[in-house]
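Visitor: quick one, structure for this:
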Amino acid sequence: MKCANHPERAALGYCAGCGKPLCAACLVRLRTGNYCDACANPETRAVPRRRIPWWVVGMLVLAALILFRGIFR
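Guide: The predicted model follows:
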């Protein structure tokens, strides 16, 4: 089997995160297993953030105000 990043090299193991075959240069060894660079350093990957729409926040605030006003009346 060949490395996913270097097709001319033989793979030594698989990434525990994504399952890609990796050669010695690509393999990152951690206590929890062997990983590729992208899975070993998740903060370096571009992960899209899920944003809460402004109207959802507004509805939650409105619901909280109605609830608290009803409780303290």
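Visitor: only C-alpha atoms from now on, for both contacts and neighbour counts.
Guide: Noted.
Visitor: count the neighbours of Ala11 for me.
Guide: Using other CA atoms under 10 Å, Ala11 has 21 other residues around it.
Visitor: who touches it in this structure?
Guide: Counting by CA atoms under 8 Å, 6 or more residues apart in numbering, Ala11 touches 1-3, 21-24.
Visitor: give me the PyMOL select line for those, limited to the buried ones.
Guide: Of the contacts of Ala11, the buried ones go into a single PyMOL selection, burial set by 16 or more other CA atoms under 10 Å:
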select buried, resi 2+3+21+22+23
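Visitor: what's the farthest-apart pair in the contacts of Ala11?
Guide: Met1 and Ala24 (13.1 Å; CA to CA).
Visitor: can you list the buried residues in the helix or strand Val57 falls within?
Guide: Secondary structure assignment for Val57, by DSSP states H and E: helix 54-71. By 16+ other CA under 10 Å, helix 54-71 has no buried positions at all.
Visitor: how distant is it from the center of its chain?
Guide: 31 Å (CA atoms, centre = their mean, to the nearest Å).
Visitor: contacts only, for Gly70.
Guide: Here Gly70 is in contact with no residues (criterion: CA under 8 Å, 6+ apart).
Visitor: quick one: it from Trp54, how far?
Guide: 25 Å (CA to CA, to the nearest Å).
Visitor: pLDDT and secondary structure added to the contacts of Ala11, as CSV?
Guide: Converted to CSV, these look like this (pLDDT from 0 to 100; DSSP: H, G, I helix; E, B strand; the rest coil):
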residue, pLDDT, secondary structure
Met1, 88, coil
Lys2, 94, strand
Cys3, 94, coil
Pro21, 96, strand
Leu22, 95, strand
Cys23, 94, coil
Ala24, 93, coil
